[in-house]
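Student: Okay, here's the prediction I keep looking at, along with the sequence it came from:
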Amino acid sequence: MIKICFPQGKQFEDYYELRWRVLRKPWNQPRGSEKDELEDKSIHIMACDGDKIVGVARLHFNSKEEAQIRYMAVDENYRRRGIGSTMLQRSEEIAKERGASHIVLNARENAVGFYEKNGYKIVEKSYVLFGEIQHYKMMKKLR
């Protein structure tokens with residue numbers, strides 16, 4: 001049974017490992033590239049199958065009204081089971097509880113359909129990561 005929770009203590013090591021393994025390693029990016037300066041100011045969400053972390057996501061606030069989801073990843077052996085959608089829903093609940101009116105994110109081109117199925121709309125074409133991964137800025141209104 002998959003459970004959504006928040007990493008604590010040593011769990012952060014496995015949390016960041018999954019983030020790096022899915023989002024950075026395939027493009028030969030170094031360890032540490034899966035983190036940024038907002039880690040300590042963010043809400044970290046993870047999906048667990050027992051003691052194994054199988055999904056990660058991060059929520060932070062750009063302003064009182066705008067929340068942003070970044071670094072969302074699901075272990076490839078656990079995809080297409082609703083884990084990503086469940087982490088998104090939990091992120092949206094937290095953002096709404098804290099007063100955000102909308103959420104933004106930058107989706108990789110291959111994930112746009114997933115986010116559209118979860119109610120996000122493309123705002124504009126965004127940046128290209130590692131010289132090859134096109135991103136799209138997407139938004140969802142919460143109220």
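Tutor: That came through fine. Numbers count the residues shown, from 1 in each chain.
Student: contacting residues for the spatially most central residue of the chain?
Tutor: Nearest to the geometric centre of the chain sits residue 72, at 2.3 Å (CA atoms, centre = their mean). The contact partners of residue 72, taken as CB atoms under 8 Å, 6 or more residues apart in numbering, are 55, 56, 57, 58, 84, 87, 88, 105. Where you see a C-beta, it was placed from the backbone N, CA and C, and this is true even at glycine.
Student: Tell me the one among those residues nearest to residue 36.
Tutor: residue 58 (9.2 Å; CB to CB).
Student: So the closest one lies in a helix, does it not?
Tutor: No: counting by DSSP: H, G, I helix; E, B strand; the rest coil, residue 58 is located in no helix; its state is strand.
Student: surely it meets residue 41?
Tutor: No: counting by CB atoms under 8 Å, residue 41 is not a contact partner of residue 58; they are 10.2 Å apart.
Student: Which one of those two is surrounded by more residues?
Tutor: Using other CB atoms under 10 Å, the more surrounded residue of residue 58 and residue 41 is residue 58, with 21 against 8.
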